[in-house]
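Have a look at this fold, sequence not included:
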């Protein structure tokens, strides 16, 4: 198996787990529910994962505007801070506004764009270190002053790291969280 095929297979595993184990099994009318009177909601979790992946691939690596920019109005987040959804702590005031259909469209758009980018990626491009901080500030309004932790964590990292952690590792970590939410809702298929 070639390296890019391996990375693509890991990415597809994250996508299929979110789709089949979380999105498909939790009714959308429960996506804003806090299970056990605390923690994140499914809506907050999906926004968080998509925002990180969007910023890593579209913004940090490719130096483009985030997909979020074209979806934020439909998500009900036109007036929200540029960093909405980035923190591990959910901004429930913001996520409560999100229609589930628009959220699925945003998540799918991010996953599709990442998929398309990965399938055109050259293994030699993985060693390139993009201007992550410059791209985050210039293309997404994510400043060092407001999000020092993100710039510190992602700064001076090669492309392979940005794929390995914000896209695949972070995605897998939150798939587990989504499955835990599903199970605590009493929706385990097992």
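The structure has been received and is ready for your questions. Just so it is clear, the model here is predicted, and its values are computed rather than measured.

Where do the strands of this protein begin and end?
Assigned by DSSP state E, the chain shows no strands.

hmm, who's touching the helix or strand of the chain with the lowest mean pLDDT?
Within the chain, no helix or strand scores below helix 92-95, which has a mean of 92 by mean pLDDT, DSSP states H and E. Helix 92-95 has contacts (C-beta atoms under 8 Å, 6 or more residues apart in numbering) with 32, 34, 41, 43-44, 47, 77, 80, 84-85. The C-beta positions use only the backbone N, C-alpha and C, and glycine is treated the same way.

same deal with stretch 138-145?
With C-beta under 8 Å, 6+ apart, stretch 138-145 has contacts from 55, 59, 63-66, 68-69, 82-83, 86, 133, 136-137, 150-151.

how about it: buried residues?
139-140, 142 (16 or more other C-beta atoms under 10 Å).

What's the end-to-end length of that stretch?
14 Å (C-alpha to C-alpha, to the nearest Å).

pLDDT on that stretch, on average?
Mean pLDDT, stretch 138-145: 97.

ok, longest helix in the chain?
Ranked by number of residues, the top helix in the chain under DSSP state H is helix 100-120.

Just the buried residues of the least confident helix or strand of the chain, please?
94-95.

Surely residue 118 touches residue 4?
Yes: judged on C-beta atoms under 8 Å, residue 118 makes contact with residue 4 at a distance of 6.9 Å.
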